[in-house]
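Colleague: show me the folded form of this:
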Amino acid sequence: MEKLRRMTKPGGRLFLAVPVGPDTVVWNLHRVYGKARLPLLLRGWTLLGTYGYSPTMVHLEAFRHQHHQPVFLLENTDPGDAGESLAWL
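Modeller: Here you go, the predicted model:
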């Protein structure tokens, strides 16, 4: 995520969809982002909006075995790191 932020120009936006629920690592296949991992994943971005997300999802055990991927709309508001080879993103 840090590399994506550096590649995105200031004011650039990113649509991100990741599995959300209680923090879990599923073997070596993927991660589910919850109250511990989700803030770390989104660090450095400004959250502009979400689609299909509720903060209660990260606490409910019912979401542990479901595949729920809300969409997060993020904006790069850090003017200092833009300019890598894909700054046009």
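
Colleague: which residue comes closest to Leu14 once chain neighbours are left out?
Modeller: Spatial nearest neighbour of Leu14, excluding adjacent residues (C-beta to C-beta, 6 or more residues apart in numbering): Leu74 at 4.6 Å. Just so you know, the C-beta spots here come from the backbone N, C-alpha and C atoms, and that holds for glycine as well.

Colleague: list the strands paired with the helix or strand that neighbour falls within, with their directions.
Modeller: Per DSSP states H and E: Leu74 is located in strand 71-75. Strand pairing for strand 71-75, using DSSP bridges, gives strand 13-17 (antiparallel), strand 46-51 (antiparallel).

Colleague: residues contacting the closest residue to Asp23 other than its chain neighbours?
Modeller: Nearest residue to Asp23 in three dimensions, chain neighbours excluded: Gly34, at 3.7 Å (C-beta to C-beta, 6+ apart). The contact partners of Gly34, taken as C-beta atoms under 8 Å, 6 or more residues apart in numbering, are Val20, Gly21, Pro22, Asp23, Thr24, Val58, His59.

Colleague: and what of Ala17?
Modeller: By C-beta under 8 Å, 6+ apart, Ala17 lies in contact with Gln69, Pro70, Val71, Phe72.
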